[in-house]
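*Asks:* Okay, sequence plus prediction incoming.
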Amino acid sequence: MTDQYIEAVSINWDRIDRNSYLRDIEALRELQSIQFHKPVTFFVGENGTGKSTMLEAIAVAMGFNPEGGSKNYRFSTYDSHSELYDALRVAKGICKPGWGYFLRAESFYNVATMEMEYADAVHPSQRFHEKSHGESFLEIAQTQLKPHGLYFLDEPEAALSPQRQLALLVELDRCSKEESQFIIVTHSPILLGLPGADILSFDDGRVHQVEYEDTESYQVTEMFINHREHLLSKLLGSDTEAKLQM
């Protein structure tokens, strides 16, 4: 038993079609369950390993719109979510979240459009389309991330500069200390540095816990920063290192 709103999810594979593409995702096809022990859990891994598919399925199973937004958002521009959500069993904690939000980079434009349509005199629009993508993302974090909430974030760093990723990191830390729970898909070594978070990797054909320094996001970034000239010379040609030193 944990203090999280979502304590675990398990998959009933009998509810998934035998020909479903989900059975071809190596990290998922043998997966039976995922446990959540910390206020913040990161999903990491290479593209195509199933981490966003799993995040979306959990969010939809918890009543969120597949394209994002709060639970009040009910629209669909393209029905692309997988059948995985219907096969999930969610083990919930004894407390219910007071608020929640599903933020995903790839469909944020659609959410921003619907936010304007849903606006009224009591709930004026934040007019996201009039701001940069990064400004809108950060404003979502500052206005929608509240104490006692349940949040799903899918690659939030996609629109954020390094400085604004640090600002988001502060918001994650603040809310997680105020009884909020986050499940986040990210490639950002900045966000992954949040102290006390669990990191679950979908690489190597299985879902398993890893340390920060063992994530590919950290290792590739560290290699590039500390060995930039040598790495670029190997990738781009033998004369690159000499050009960088000129």
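*Replies:* Noted; the coordinates are in hand.
*Asks:* so residue 62 touches residue 90, yeah?
*Replies:* Yes - if you go by CB atoms under 8 Å, residue 62 and residue 90 touch, sitting 6.6 Å apart. (Glycine included, C-beta is placed from N, CA and C.)
*Asks:* Please say which of those two ends up with more neighbours.
*Replies:* residue 62 (21 against 15; other CB atoms under 10 Å).
*Asks:* now the helices: where do they sit in this structure?
*Replies:* For the chain, the helices defined by DSSP state H cover 26-29, 51-61, 108-118, 133-144, 162-176, 216-226, 228-236, 240-245.
*Asks:* Nearest to residue 36, out of the ones you listed?
*Replies:* Minimum separation from residue 36 across the helices of the chain (CB to CB) falls at helix 51-61, 9.6 Å.
*Asks:* so what secondary structure elements neighbour the closest one?
*Replies:* Taking 3 or more CB pairs under 8 Å, 6 or more residues apart in numbering; DSSP states H and E as contact, the helices and strands that helix 51-61 lies on are strand 6-11, helix 26-29, strand 40-44, strand 88-92, strand 99-104, strand 149-154, strand 181-185.
*Asks:* could the helices of the chain be laid out in a markdown table, adding mean neighbour count and distance to residue 207?
*Replies:* Output for the helices of the chain, formatted as a markdown table (neighbours: other CB atoms under 10 Å; distance: least, CB to CB, whole Å):
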| stretch | mean neighbour count | distance to residue 207 |
| --- | --- | --- |
| helix 26-29 | 20 | 6 |
| helix 51-61 | 23 | 8 |
| helix 108-118 | 17 | 26 |
| helix 133-144 | 18 | 26 |
| helix 162-176 | 17 | 21 |
| helix 216-226 | 14 | 15 |
| helix 228-236 | 13 | 29 |
| helix 240-245 | 12 | 38 |
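*Asks:* Least confident of these, on average?
*Replies:* Here the lowest mean pLDDT among these goes to helix 108-118, at a mean of 54.
*Asks:* residues near the closest residue to residue 176 other than its chain neighbours, how many?
*Replies:* Residue nearest to residue 176 in three dimensions, not counting chain neighbours: residue 39, with 3.9 Å by CB to CB, 6 or more residues apart in numbering. Neighbour count of residue 39, defined by other CB under 10 Å: 23.
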